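[1] just to be clear, the model below is a prediction. Sequence and coordinates:
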There are 2 protein chains.
Amino acid sequence: MAKAPALKSKSGRAAFIPPRAAEAVRLAISSLLAIAVLAVALNAQAPAPAPAQPQAATAATAARLRGFLPAAAAQELNWERQMQALPQAASLRASLKRLTAQPHVAGTPYDRSDALYVAAVFRHAGLHTRIVRYSALLPYPAEVSIELVRPQSQPLANYEAPIPGDRFSAMKNAVIGFNAYSPSGDVTAPVVYANYGLENDYAELKRDGISIRGKIVLVRYGRSYRGIKSELAAAHGAAGCLIYSDPNDDGYHAGNAYPLGSYRPATGIQRGSILNNNYPGAPLKPGQAYPAGEAAAWKAALPTVPTAPLSYTAAEPILAALTGLPAPRSWQGGLPFTYHLGGNGRVQVHMRLRMDFRYRTIWDIIGRLDGHEPGEVLVGNHRDAWTFGAVDPNSGTMVLLELARALGRLHAAGWQPRRTIRLCSWDAEEFALIGSTDYAERHLANLRKQAAVYLNMDEGDFGPYFSPGAVPSLRRLIYAAARGVAAPPVTPTGSVIPPPGCTPRTVFDLWQCQRAAAAPAAGPPPAGPPPIGVIGGGSDFEPFLDYVGVATADISFAGPYGVYHSLYDDFHYFRTQEDPRFDYGVTCTRVMGVLTMRLADANLLPLNLNDYAGAISRYVAELQHKQATGPGAQLNWPRVETAALRLQSAARQFSVRARAALTGSAQHPRRLARFNAALAGFEQNLLLRRGLPGRPFYRNLIFAPEITRGYATARLPGVSQMLKEKNWLGASVQLRYLYEALQRATIRLQTVR
Amino acid sequence: MAKAPALKSKSGRAAFIPPRAAEAVRLAISSLLAIAVLAVALNAQAPAPAPAQPQAATAATAARLRGFLPAAAAQELNWERQMQALPQAASLRASLKRLTAQPHVAGTPYDRSDALYVAAVFRHAGLHTRIVRYSALLPYPAEVSIELVRPQSQPLANYEAPIPGDRFSAMKNAVIGFNAYSPSGDVTAPVVYANYGLENDYAELKRDGISIRGKIVLVRYGRSYRGIKSELAAAHGAAGCLIYSDPNDDGYHAGNAYPLGSYRPATGIQRGSILNNNYPGAPLKPGQAYPAGEAAAWKAALPTVPTAPLSYTAAEPILAALTGLPAPRSWQGGLPFTYHLGGNGRVQVHMRLRMDFRYRTIWDIIGRLDGHEPGEVLVGNHRDAWTFGAVDPNSGTMVLLELARALGRLHAAGWQPRRTIRLCSWDAEEFALIGSTDYAERHLANLRKQAAVYLNMDEGDFGPYFSPGAVPSLRRLIYAAARGVAAPPVTPTGSVIPPPGCTPRTVFDLWQCQRAAAAPAAGPPPAGPPPIGVIGGGSDFEPFLDYVGVATADISFAGPYGVYHSLYDDFHYFRTQEDPRFDYGVTCTRVMGVLTMRLADANLLPLNLNDYAGAISRYVAELQHKQATGPGAQLNWPRVETAALRLQSAARQFSVRARAALTGSAQHPRRLARFNAALAGFEQNLLLRRGLPGRPFYRNLIFAPEITRGYATARLPGVSQMLKEKNWLGASVQLRYLYEALQRATIRLQTVR
């Protein structure tokens, strides 16, 4: 499927990224261009900066390693230190260059070539590697032509201009701008400007007496998943939907445009799927034994209104020609004129879309390193891209490959993970999370039994801002990993400016500094560790978190990124704008390595259920707080509150017993295995088998994508959705489901001895 | 001196103006253009809409008229009804057309011609009329030439392009763009972009390592008085200062630009004075017996850095050429590229300014209608304009003249005001509030003895949003006047769209509707009457409120207004964009008439000291609240709080006794006169003879212009300024002054029997 523009971070998590910080570096780079290029070139060959040993492997440290017996802890730190020395900037660079040499939309020859390359790297690293083929309905565009008909006839180019110096952008073989799963169609109609195309925006148009029926709505990207934009346009009777990138959102008003900076240039087009995001997976798979109802739901999920993306260069003649009421102040974008609502027929546009819907072959690559105990740690990242995919997703793929190499080397040197590790290179994420969802559906029973944690990367490495998202039980492990990896060295060609007075030793320090620098100067300095956002949707973790029920984290180093899903997301962009020395690639590999190894090696899984239960209690309190009066206040909140408190108490006692099982005299492998099984299976207690209202795929009662936004995360999504809809009966039913889930989880924890 | 751009309303009061409302009408106008023009033409000749009688002059209503004996109340309402029938749209239109036929900067021949015209109208209306000449140092520009020197040589035009259909804008005799009191100078230097040129903006530049010293700073208009922008530029060592109008602030991103709408067109230049606004009045008057210290202060107040205004068309080549760090996101304006901070010498500008400083003659016109009791009601508005001044200030002048005609007619019909009314047409406000300040200084003793209230207009009538500002004692009278005047009829060519479900009968209804429509949809509907802002600075009320100590109100009907101080503030603009049928001109005249007559006629002045004392208590509490900890909390707040409470109690008892004096058996003219004298003189108790810290002219301890913003109003300015500067000793001294003033006022009220 798709991710939100990177500055807001994937899955809508608010990242505290001051875009100017990274811009400042880019500036330093460009003013020192000659030196920088040289430095990059040298550095790519040079050995990676010395691995960090910020936490010396003293006995004391080892003793504090959560979930490890003292001897195992010392060993673990030793192996991790070896692992941290392995990632190489040059190797990361070579991987990325290879992966992004050609555009590789899912199902195309270069996607297959990349798949075989990933498989070869996995195999060379010593992983048991499988190439898994699926067939999926992938639409490619045969024709996307948009033209202004009135006030003058003018074709609106579906064309992204080459950038001087960027040879990739001059290649002619990328797919043209289109929205996947848009129907074909031929529409000529008046245009209405509808801001971001949110429900509120349509309400405003209605107040202004402007009807959408039979019109083409022109909306801008941002604030919601593009599939929801198309769906709402359809719901309001539109005949067509154009989605453009406004320069105020990720173009010149956000910062310098590429090639000067990392924001969207004038002709940059954001491609992307518009499939209803409540139904991930491969639509209408041939021979797939869907229940009849689900296949029908799938058909219903296909968009009904012809929809296409535009650059702002293409949208400008439409917007400039619109008349009628001036747009509200907050609807005004960054083009140099007053925006108007239109709708009066003075501006007409002709859209002609021909889509080539076909079943095409896609390739997931799964590499396995076997452990000797039950439980699996999965690490996944998609490989397919709308164009070259240098940031999205192959910055993650290069890290995945480097991780495979490092783990393979350790394994060859004698390291044996306690649990099986699977590295997964997913295909067709951009269309509908297809590769990962198909995998999860086919291996559902095994995943339920075995999967302990799923670690995801997407736009894995494109800047200095460590931006993890995770379920609450994984937070402490992420802090520990961030404390255990060195911050990249600060150099004028690096991608980081430490805030004044801050010399970060570790990723954790860097993260804290950046957070302090981003905090409002007036308020008190932020207290505690940096918050880790929750995740619900927007990448391949969805099937694992929302459908199977696995503890999940999504890891990235973020930065300013305005060329999302455009031609310009290429290797030249990456090495001039994002991570020139691959410092963050090395750092990200180390963080992923620490997380993976610690999860795979721990005697007792380092998942903190106290944190999870505490978070659930807070979510309940927050939701109830919003229902101070009215029917929402009458719901049986006390029962759920009590259940959440009971879960907290059960989790506390569980962790005491688990620690005793680990370290006490009653130590016994089978006893420990019972605790590990309960930890690994914890999320599954929180699933609702029938799924959330109206979206059977989403079964997690604690986290899901926001139903009307797509990228944001809803907490307690069943209850909160019903409350939003003022469906009090539905809310009471969902509250009961939640209560039952908390009871289930409590009893499950209580029974482990 | 000068006023803030109209959308923020004069003197920085927040007006709840949804610009699109008026835009929507403009749209209706433009789409019905032929009809509209006809309608306007007809309407200008047609009789004004029937005057409102929303409050029938029943005995009950009359009995409720504050400050009037029953018989006097009935008479008053009768006279007011007659007055309300007199204002004529055609007459207002003719006045405005006459006043704005030529540009009339203070001291020019057409300024004199307008002065004589105003005097003739006053005389014809039967007012005792004086033409008062002053001599004042008024700089005119001999040359203002700005050119880009690097990266290319390019003159930046000081030129405002004619608008098709607007013959005024094609006239060549307006003064070129300049900032009055800028020194002459010839500077070539690198340019730094400094956002709005506020203290915070310079702090940000410092953090970014960019020095201003010896540079030309380019700042945008808005958020502060332009004189403060120039002064801060000087304080940071700049060699020159350019102030431009960004399209994001009052141009195409605020709404349609003139002639399509009311916002600033591409070449519109905001002229204006940059004299230090702590020293209003005529600088360095010849022969004026200033204390030596003050003359020196005057000299010190003259700006030191060559400063000039630019249109955004002229500023664009500079901004587009700037390189260096990208500007922070909030510094980004509406031009279609990324703004940069510059400062690196790649962009150089050459400013050559030659200013013709001369003593020139200006003319105040004072028309008097004698009353038979002590006390005076003054109504003032300036007449001089930077160009044609159709909105600023002659929309107010046309109302002043119409008021003169109406009061003259009543007087001829037998109406005798109880108190003397003075109508004042001030000159040279735009330079430094010179006409009004000189008047106040020369008549200080008499004003102290006689002046009861000063009513100001500036941009009096340019839209449907009633936007009064006043000292707290005048609020109830303003509500009463708004309830007593009909809302203009709603027509497609009028300037008002009533919010849905709202059919305003009176100005008060209209005001409430607009407020409800502007309130956030989510929150509760606003309760109580619409708030009336406080005033501190920005127009001719300053000498009366801040220096003499007179209860003051500033009255206007506001609307979107983006051509402030540009060539385009002309008659054609006014009648196409602002008040096409002069409906609001008629309405504004009626409101001013009701206020003036009721103040002049009441047996007991309708000033509510309870409201004033209550407001002071609130201001003290608010200020103290911000000093929760630290040295600010240690100040003697309880003493001042107690004093404010005592004043409240004294005001309450005073009003009981005053009502008894008015209506009771102890009625006696000399007793009533004592109460009236105490009401009229109330503000004088609240003055500090030595003036506020660093600005001796500002003596009012309750209200003053914000020292670092210029247009905004500071409450308890002495104390709050010292607290802001963390000058705890100073704060304690100011708090004592405030305490003493409150004591003084309390004793004064207590002694009136």
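    Received it, and whenever you're ready, just let me know what you need. Numbers count the residues shown, from 1 in each chain, chains lettered A, B, ... in the order given.
[2] give me the domain ranges for chain A.
    Domain assignment for chain A by automatic domain parsing gives A:6-136+A:359-601, A:139-358, A:609-750.
[3] tell me which helix or strand in chain A has the weakest average pLDDT.
    helix A:33-45 (a mean of 36; mean pLDDT, DSSP states H and E).
[4] would you single out the least confident of the domains of chain A?
    Within the domains of chain A, the stretch with the lowest mean pLDDT is domain A:6-136+A:359-601, showing a mean of 84.
[5] circling back to that earlier point, wait, which of the domains of chain A is closest to B:Gln154?
    domain A:139-358 (19.4 Å; C-beta to C-beta). For every residue, glycine as well, the C-beta is placed using N, CA and C.
[6] what about whichever residue of chain A sits closest to chain B, which SS state?
    Proximity of chain A to chain B (C-beta to the nearest C-beta) peaks at A:Pro336, 4.3 Å away. With DSSP: H, G, I helix; E, B strand; the rest coil as the basis, A:Pro336 sits in coil.
[7] that one and B:Leu477, how far apart?
    A:Pro336 sits 46 Å away from B:Leu477, going by C-beta to C-beta, to the nearest Å.
[8] and those two? Which one has more around it.
    More crowded of A:Pro336 and B:Leu477, by other C-beta atoms under 10 Å in any protein chain shown: B:Leu477, with 24 against 18.
[9] select the longest helix from chain A.
    Determined from DSSP state H, the single longest helix within chain A is helix A:637-663.
[10] helices or strands up against the helix or strand just after it?
    Sequence-wise, the next helix or strand downstream of helix A:637-663 (DSSP states H and E) is helix A:669-680. Using 3 or more C-beta pairs under 8 Å, 6 or more residues apart in numbering or on different chains; DSSP states H and E, the elements in contact with helix A:669-680 are strand A:451-457, helix A:637-663.
[11] for the last one, name the packing helices and strands.
    Looking back up the chat, that one is helix A:637-663. Against helix A:637-663 (3+ C-beta pairs under 8 Å, 6+ apart) you get helix A:609-625, helix A:669-680, helix A:728-750.
[12] which one of the ones you listed lies nearest to B:Ala142?
    Of the helices and strands packed on helix A:637-663, nearest to B:Ala142 by C-beta to C-beta is helix A:609-625, at 66.6 Å.
[13] what residues sit buried inside the helix or strand following the closest one?
    Following helix A:609-625 in sequence order, the next helix or strand is helix A:631-634 (DSSP H and E). Judged by neighbour count using 16 or more other C-beta atoms under 10 Å in any protein chain shown, the buried positions of helix A:631-634 are A:Gly632.
[14] list of residues touching helix A:631-634?
    Identification of contacts with helix A:631-634 by C-beta atoms under 8 Å, 6 or more residues apart in numbering or on different chains yields A:Lys626, A:Gln627, A:Leu723, A:Lys726, A:Trp728, A:Ala731.
[15] show me how to select, in PyMOL, the buried members of those.
    Command for PyMOL that selects the buried part of those, burial taken from 16+ other C-beta under 10 Å:
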select buried, chain A and resi 627+723+728+731
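[16] and which of the contacts of helix A:631-634 is nearest B:Pro164?
    Nearest to B:Pro164 among these, with distances taken as C-beta to C-beta, is A:Lys726, at 53.8 Å.
[17] any idea how far A:Pro631 is from that closest one?
    8 Å.
[18] check A:Trp415 too.
    Relative to A:Pro631, and taking C-beta to C-beta, A:Trp415 is found at 58 Å.
[19] helix or strand for A:Tyr202, which one?
    helix A:199-207.
[20] reformat the contacts of helix A:631-634 as a markdown table; add distance to B:Gly342.
    As requested, the contacts of helix A:631-634 are arranged in a markdown table below (distance: C-beta to C-beta, whole Å):
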| residue | distance to B:Gly342 |
| --- | --- |
| A:Lys626 | 47 |
| A:Gln627 | 53 |
| A:Leu723 | 51 |
| A:Lys726 | 54 |
| A:Trp728 | 59 |
| A:Ala731 | 56 |
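[21] show me which residues of the stretch 251-400 of chain A sit near chain B.
    A:252-257, A:260-261, A:263, A:324-326, A:328-329, A:332, A:334-338 (C-beta under 8 Å from any C-beta of the partner chain).
[22] in the stretch 451-600 of chain A, which spans are helices?
    Along the stretch 451-600 of chain A, the stretches classed as helices by DSSP state H, counting those that start in this stretch are A:475-483, A:507-518, A:541-542, A:571-573, A:583-601.
[23] same list (the ones you listed) but as TSV, adding distance to chain B.
    TSV is the format used below for these (distance: least, C-beta to the nearest C-beta, whole Å):
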stretch	distance to chain B
helix A:475-483	27
helix A:507-518	10
helix A:541-542	30
helix A:571-573	17
helix A:583-601	21
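[24] which one, of those, ends up nearest to B:Ser113?
    Comparing the helices of the stretch 451-600 of chain A by C-beta to C-beta, helix A:507-518 comes nearest, at 59.5 Å.
[25] residues near the nearest residue to A:His668 once chain neighbours are set aside, how many?
    Distances taken as C-beta to C-beta, 6 or more residues apart in numbering or on different chains put A:Ala661 closest to A:His668, at 7.5 Å, once the chain neighbours are dropped. A:Ala661: 23 surrounding residues under other C-beta under 10 Å.
[26] my read: A:Ala661 touches A:Arg670, true?
    No: counting by C-beta atoms under 8 Å, A:Ala661 sits too far from A:Arg670 to count as a contact (10.0 Å).
[27] now for those two: what residues contact both?
    Here A:Ala661 and A:Arg670 have no joint contacts, going by C-beta under 8 Å, 6+ apart.
[28] tally up the residues packed near the nearest residue to A:Leu447 once chain neighbours are set aside, please.
    In space, and not counting its chain neighbours, A:Leu447 is closest to A:Val548: 4.8 Å by C-beta to C-beta, 6+ apart. Residues near A:Val548, counting by other C-beta under 10 Å, number 23.
[29] residue contacts, A:Val548?
    A:Val548 neighbours (C-beta under 8 Å, 6+ apart): A:Ala440, A:Leu444, A:Leu447, A:Arg448, A:Ala451, A:Gln684.
[30] what pairs with A:His128 across the strands?
    Note on A:His128: beta-bridge partners by DSSP bridges are A:Arg368.
[31] quick check: it vs A:Asp114, distance?
    A:His128 is 20 Å from A:Asp114, by C-beta to C-beta.
[32] those two: which is more packed in?
    Neighbours were counted for A:His128 and for A:Asp114 using other C-beta under 10 Å; A:Asp114 has more, 27 against 13.
[33] let me know whether A:Ala254 touches B:Pro328 as I believe.
    No: in this structure, A:Ala254 is not within contact of B:Pro328 by C-beta under 8 Å, at 11.6 Å.
[34] which ones are touching A:Ala308?
    So A:Ala308 contacts A:Val144, A:Ile146, A:Gly177, A:Phe178, A:Asn179, A:Ser182, A:Cys241, A:Leu242, A:Ile243, A:Met351, A:Leu353 (C-beta under 8 Å, 6+ apart).
[35] among these, which one has the most neighbours?
    That'd be A:Cys241 among the contacts of A:Ala308, by other C-beta under 10 Å, with 31 neighbours.
[36] now A:Leu137: which helix or strand?
    strand A:128-150.
[37] and the next helix or strand past that strand?
    Taking DSSP H and E, what comes next after strand A:128-150 is strand A:154-156.
[38] partners of that following strand, with directions?
    If you go by DSSP bridges, strand A:154-156 pairs up with strand A:128-150 (antiparallel).
[39] picking up where we left off before, so which of the helices of the stretch 451-600 of chain A is the most surrounded?
    helix A:541-542 (a mean of 30; mean count of other C-beta atoms under 10 Å in any protein chain shown).
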